[in-house]
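*Asks:* Quick one: sequence plus predicted model below, questions after.
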Amino acid sequence: MKSLRDLIKIKSYETDLNGHLKPQSLMLLMQEMANLHADALGFGYDNLMEKGIIWVLSRSHVVFNRIPAWREEVEIETWHKGSDKLFGLRDFTMRDINGTEIVKATTSWLIIGTENRRLQRIEQHIGNDHPSINMVHAIEEPAPKLHPPSELQLVKRREVEYSDIDMNHHTNNARYMEWALDCIHSLIPKGLFVKEFIVNFNSESRVGEVLDHFACKTEKGAFFEAKRGDTSVVQIEFIFANAL
């Protein structure tokens, strides 16, 4: 199975106040598709847990050509592109019922130990000769490393709560997007929308930890960073564009 496809209808709880798919909802959809496809290929959650390791999302780059709306039927497709050094690469597309691509994404994943949380080399578990590899690019370049702007300002402090944590025992990736949008929504000019975002997950966060949330406007959009003391936990760059 070189790729996995699923036809879904956008649900009301996945949309924002304008009735369009939220970035965090897209991240959850991508996460579930990645889990299902990895399971089918023999290196999913259960397979890795038997070895005392898990997948964690490290970087994402998502581009919207159009944001799907409530009740709209769309097809999501995902595939595994092999590895690049420590990263396992996985791409995604979302198409409307006419087959037009409306979203494309590339993601980079790491394997870590469940107990020591140390990085594992992908090649030890899934080599680049694995038959599942599909060298098709939704976005050719892997999601890049971000560099925070000097203009970042403290917006709030937030304690990681029980509801933020997923089954990997750390804050779920989509929760960070919710926090970021809460901090930068006032920076989005009227008539514009989030056209593109890049995420770097730099460190895990857990229940009870207090994170400082920073944000600022940039030339193309906005930037968000959450830190635990001097340690960067997550960075997100947003690019805005005219609504389509």
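*Replies:* Done, it's in.

*Asks:* Just give me the longest helix of this protein.
*Replies:* The longest helix of the chain (DSSP state H) is helix 23-41.

*Asks:* Find out how far that one is from the centre of the chain, if you would.
*Replies:* 10 Å (C-alpha atoms, centre = their mean, to the nearest Å).

*Asks:* Next secondary structure after that helix?
*Replies:* Following helix 23-41 in sequence order, the next helix or strand is helix 45-49 (DSSP states H and E).

*Asks:* Can I get stretch 140-147 as PDB, trimmed to CA atoms?
*Replies:* The C-alpha atoms that make up stretch 140-147 are tabulated as PDB, following Å, rounded to 0.1, in the frame of the first residue of the first chain:
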ATOM      1  CA  GLU A 140       9.700  18.600  -2.300                       C
ATOM      2  CA  GLU A 141      11.800  20.300   0.400                       C
ATOM      3  CA  PRO A 142      11.500  18.900   3.900                       C
ATOM      4  CA  ALA A 143       9.900  21.200   6.500                       C
ATOM      5  CA  PRO A 144      12.700  23.700   7.400                       C
ATOM      6  CA  LYS A 145      14.300  24.700  10.700                       C
ATOM      7  CA  LEU A 146      12.800  28.000  12.000                       C
ATOM      8  CA  HIS A 147      14.700  30.900  13.400                       C
END
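
*Asks:* buried set for that stretch?
*Replies:* The neighbour-count check on stretch 140-147 (16 or more other C-beta atoms under 10 Å) flags 142-143, 146 as buried. For glycine as for every other residue, the C-beta is placed from the backbone atoms N, C-alpha and C.
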